[in-house]
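# okay, predicted coordinates and the sequence, questions at the end:
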Amino acid sequence: MNLDAPHRRFNPLTRDWVLVSPHRARRPWLGQVEKLAREVLPAYDPACYLCPGNERAGGVRNPAYASTFVFDNDFAALLPDPGPEVEGSHPLLTIEPEVGACRVVCFSPRHDLGLPQLPLAAVEAVITTWTGQTVELGSRANIRYVQIFENKGAMMGCSNPHPHSQVWATGQIPNEAARELAAQAAYLDEHGSCLLCDYGSAERQDGSRIVCANQHFTALVPFWAVWPFEVLLLPHRHAASLPDLDPAERTALADIIRRLTARYDNLFEIPFPYSMGFHQAPTDGRGCPGQHLHAHFYPPLLRSATVRKFMVGYEMLAMPQRDITPETAAERLRGLSEVHFLGGDGQ
Ligand code: H2U
Ligand code: ZN
């Protein structure tokens, strides 16, 4: 098949289609140009609400932390106690209370160092913290799902450059996870094997969409990628959640995250914006056949540090569409150095 011609690709995880139009990458751009985030950050910022020893909203002071630091979000979107039962006045007006918890996880005391600039052990500490949060919040009787995510860069709505992530735990399984869990269960039912085990093997055999890999993880641009430099991070072994990883796999996860995010930053020589997050098993003990731990990286930038992909128009009303092929995106990411362009603490 001629991959330069417009075509559709199927995403078996969400069961959505994506329209791929490679020839459109050549069109001129007179639209919005993003501001460059090239300012040099200080190691400590007295005005940052995430730096050690500083005051947060509401007057709480952060401790003088030396590794990762977790706190309850001062503006939590979810609260631990359920509100009163509510009833819609019509079957089409469905409403129910939701419970949960929202936390912020600072990666390190350093205001200026992103994941690829931290030493391997510091990134491992982040993974250990995410794992601990999954176990702790997931063990609450009224929590069914723990969503770990990172919003990076002002372009993605991140409010603070101090490297951090968030954990939102909920009483119900959120939409994206629910769709992927259902698709993985159906695939297992139909094929008798795991969707992402099978997909990972197929991609390792093909090779054209692989970005980088180590003994336990592969980072690849999925065949059905929507965002230009979207990446799917897959453990080789069929682990369902972060707490299922053994110590060697945790180290390997830290390694692959550092290497992938170094390539991202090196692509346009800026701290590369993205939203990323892990999809894990629900924590309600009901079992989740076919669930395979993975992380999605969704970066918005398209052809330079200043031109982003907008999900508007056809995307909002019809279906996602992309201009460069996943194979081209993978090739560009593969060709980049894993040594961060700004250096760091762990080179
Ligand atoms: P993002 O920058 O990734 O959007 O998240 C930062 C979070 O930090 C945000 O959810 C919280 C915001 O509610 N926050 C506090 O909990 N305390 C503060 O003092 C400021 C911001
Ligand atoms: Zn800071």
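Perfect, thanks for sending it. Ligands and ions are numbered 1, 2, ... in the order given.

# so what sits opposite the residue nearest the centre of the chain in the bridge?
Geometric centre of the chain, nearest residue: Met276, 1.5 Å, by Cα atoms, centre = their mean. Under DSSP bridges, the beta-bridge partners of Met276 are Glu150, Phe297.

# correct me, but it touches Phe297?
Yes: between Met276 and Phe297 there is a contact under Cβ atoms under 8 Å: 4.4 Å. From N, CA and C alone the C-beta is placed, and that goes for glycine too.

# quick check: mean pLDDT of stretch 214-226?
The pLDDT scores in stretch 214-226 average 98.

# packing partners for the lengthiest helix in the chain?
Criterion DSSP state H: the longest helix present in the chain is helix 247-268. For helix 247-268, the packing partners by 3 or more Cβ pairs under 8 Å, 6 or more residues apart in numbering; DSSP states H and E come out as helix 120-138, strand 210-213, strand 217-220, strand 231-235, strand 301-304, helix 326-334.

# residues from the protein in reach of ligand 2?
45, 48, 50-51, 111, 162 (Cβ under 5 Å from the ion).

# tell me which of these fall in strands.
Members of these lying in strands (criterion: DSSP state E): none.

# bridged to Tyr145, which residues?
Beta-bridge partners for Tyr145, by DSSP bridges, are Thr170.

# that one contacts His279, doesn't it?
No: between Tyr145 and His279 no contact is recorded; they are 9.7 Å apart, counting by Cβ under 8 Å.

# find residues that contact each of the two.
Ala177 (Cβ atoms under 8 Å, 6 or more residues apart in numbering).

# okay, the residues of the chain next to ligand 2 in a markdown table with neighbour count and pLDDT next?
Formatted as a markdown table, these follow (neighbours: other Cβ atoms under 10 Å; pLDDT from 0 to 100):
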| residue | neighbour count | pLDDT |
| --- | --- | --- |
| Asp45 | 16 | 96 |
| Cys48 | 18 | 96 |
| Leu50 | 22 | 97 |
| Cys51 | 21 | 98 |
| His111 | 21 | 97 |
| His162 | 23 | 96 |
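
# among those, which one sits closest to Ser89?
Ranked by distance to Ser89 (Cβ to Cβ), the residues of the chain next to ligand 2 are led by Leu50 at 43.3 Å.

# identify the residues contacting that closest one.
Here Leu50 is in contact with 62, 69, 104, 106, 111, 160, 162, 164 (Cβ under 8 Å, 6+ apart).
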